[in-house]
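1. Fold the following for me, if possible:
(one chain, ligands or ions: 1)
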Amino acid sequence: MQPILSIRHLSKTYASGLTALKDITLDIRRGEIFALLGPNGAGKTTLISIVCGIVNPSSGTVTADGHDIARDYRAARADIGLVPQELTTDAFETVWATVSFSRGLFGKRPNPAHIEKVLRDLSLWEKKDAKIMTLSGGMKRRVLIAKALSHEPRILFLDEPTAGVDVELRRDMWGVVRALRESGVTIILTTHYIEEAEEMADRIGVIRKGELILVEEKHELMRKLGRKQLTLHLAAPLAAIPPGLAAHRLELAAGGAELVYSYDTSAAETGIPALLQDLAAAGIAFRDLHTEQSSLEDIFVSLVRGTR
Ligand SMILES: Nc1ncnc2c1ncn2[C@@H]1O[C@H](COP(=O)(O)OP(=O)(O)OP(=O)(O)O)[C@@H](O)[C@H]1O
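-> The predicted structure follows:
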């Protein structure tokens, strides 16, 4: 299937001389949720701004559903909805007026039935006549999404959709985003929250200093880079790892009360049976054991630090 968004060799150097993006090539698949992860200043907003026509690229091309964003700007832009981080709408307007007005900005004819559907889908219908300033923070975020959906885009960018919101509202927003995907909208979200990417994304891209250093299926990423640890709670503490166990990747923890064995989840063999045999041969007994898998957060931190 043709990608819905195709970014080719995109670079951006600002007038200040700072290169914010270096040769980014990325295809976004129709109907996916793609999470773009990166530390502050990595270039996420610059990338979104170029795709949305707010910033000009220094080189490279972007096509949205076949429309080149430079040559065929209006058609390309009409395919894209952008949910910014901040609500800049007139606080004195009603929800209905704000969302309807956004649609008009794209030169689309009024379509009250569509606006009603968007507001109902986002549980904003009851608030359609309320002034923006009277809404809760969560409702205001929903208004931002409603505005971005008012012109029926097929691609939706969410820039830090849950920055600074509480846990409950974050979960609520995740539900909204999932429902949007169900309705056929392709979603690209930027986030600092690893948990958000882990929870929501089909694929993950990691951007660091303007370079896309990795694009991977979330599950594949976690499988490939995920290490597992087996912790054995020993019956009697050890002062050092016995020579008979030197062949295994072991560390002592909890003052010698625990033995920690690290293994690769993608390796053909875990090495656990051999370890258990050698433990028995060395006369080391354990009371209990548990395993732990590295989270996406661990993976991300090591990627951004460049240690993998
Ligand atoms: N208009 C501009 N002129 C010059 N430099 C800019 C401009 N906009 C952004 N930058 C710089 O480009 C780099 C990338 O910024 P960008 O906002 O794209 O990063 P980001 O990944 O979105 O960061 P954050 O997560 O903090 O929003 C930063 O070093 C930033 O200071």
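
2. can you map out the helices along the protein?
-> 44-51, 73-78, 95-105, 112-121, 137-149, 167-182, 194-200, 218-225, 272-281, 296-305 (DSSP state H).

3. Same list (those helices) but as a markdown table, adding mean neighbour count, mean pLDDT and distance to the ligand.
-> No exception for glycine: its C-beta is placed from N, CA and C like everyone else's. Formatted as a markdown table, those follow (neighbours: other CB atoms under 10 Å; pLDDT from 0 to 100; distance: least, CB to the nearest ligand atom, whole Å):
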| stretch | mean neighbour count | mean pLDDT | distance to the ligand |
| --- | --- | --- | --- |
| helix 44-51 | 23 | 93 | 3 |
| helix 73-78 | 16 | 91 | 19 |
| helix 95-105 | 19 | 92 | 23 |
| helix 112-121 | 16 | 92 | 27 |
| helix 137-149 | 21 | 89 | 16 |
| helix 167-182 | 15 | 85 | 17 |
| helix 194-200 | 20 | 82 | 13 |
| helix 218-225 | 16 | 76 | 20 |
| helix 272-281 | 14 | 91 | 41 |
| helix 296-305 | 17 | 69 | 12 |
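
4. Show me the one of those that comes nearest A20.
-> helix 44-51 (4.3 Å; CB to CB).

5. Check the offset of that closest one from the chain's centre.
-> Distance of helix 44-51 from its chain centroid, counting by CA atoms, centre = their mean, to the nearest Å, is 15 Å.

6. Now do that helix: which elements does it pack against?
-> strand 5-13, strand 19-28, strand 59-64, strand 155-159, strand 186-191 (3 or more CB pairs under 8 Å, 6 or more residues apart in numbering; DSSP states H and E).

7. For the ligand, find the nearest of those.
-> Relative to the ligand, the nearest member of the helices and strands packed on helix 44-51 by CB to the nearest ligand atom is strand 19-28, separated by 3.5 Å.

8. what's next to the closest one, contact-wise?
-> 3-14, 34, 43, 46-47, 50, 57, 60, 155, 186, 188, 205, 207, 209-212, 215 (CB atoms under 8 Å, 6 or more residues apart in numbering).

9. which residues sit in contact with the residue nearest the centre of the chain?
-> Note on the chain: the residue nearest the mean C-alpha position is A35, at 2.7 Å, using CA atoms, centre = their mean. Listed by CB under 8 Å, 6+ apart, the contact partners of A35 are I188, L189, T190, T191, E196, A197, M200, A201, R203, I204, G205, K218.

10. Surely the fourth one is in contact with D159?
-> No - T191 lies out of contact with D159 (CB atoms under 8 Å); the separation is 9.1 Å.

11. Identify the contacts common to the two.
-> By CB under 8 Å, 6+ apart, no residue touches both T191 and D159.

12. Give me the distance between the two termini of stretch 62-81.
-> This stretch, stretch 62-81, spans 15 Å end to end (CA to CA, to the nearest Å).

13. Give me the distance from that stretch to the chain's centre.
-> 23 Å.

14. cool, stretch 98-114 as well?
-> Averaging C-alpha positions (CA atoms, centre = their mean) puts stretch 98-114 29 Å from its chain's average.

15. and if you look at stretch 70-82?
-> Counting by CA atoms, centre = their mean, stretch 70-82 comes out at 23 Å from the chain centroid.

16. try stretch 213-231
-> 15 Å.

17. same thing with stretch 220-233?
-> The answer for stretch 220-233 is 21 Å, by CA atoms, centre = their mean.

18. same question, stretch 167-178
-> The answer for stretch 167-178 is 14 Å, by CA atoms, centre = their mean.

19. one step back: just send the helices and strands packed on helix 44-51 back as TSV, with mean pLDDT and distance to E93 too.
-> Formatted as TSV, those follow (pLDDT from 0 to 100; distance: least, CB to CB, whole Å):
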stretch	mean pLDDT	distance to E93
strand 5-13	97	31
strand 19-28	97	32
strand 59-64	96	29
strand 155-159	93	22
strand 186-191	93	26
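
20. Using CSV, please lay out those strands together with distance to Q85 and mean neighbour count.
-> CSV is the format used below for the helices and strands packed on helix 44-51 (distance: least, CB to CB, whole Å; neighbours: other CB atoms under 10 Å):
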stretch, distance to Q85, mean neighbour count
strand 5-13, 20, 18
strand 19-28, 17, 18
strand 59-64, 21, 19
strand 155-159, 5, 24
strand 186-191, 9, 25
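
21. For those strands, give me CSV that also has distance to the ligand.
-> Compiled in CSV, these are given as follows (distance: least, CB to the nearest ligand atom, whole Å):
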stretch, distance to the ligand
strand 5-13, 8
strand 19-28, 4
strand 59-64, 15
strand 155-159, 8
strand 186-191, 7
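
22. Please convert these to CSV, extending it with distance to F106.
-> Compiled in CSV, the helices and strands packed on helix 44-51 are given as follows (distance: least, CB to CB, whole Å):
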stretch, distance to F106
strand 5-13, 18
strand 19-28, 21
strand 59-64, 13
strand 155-159, 14
strand 186-191, 18
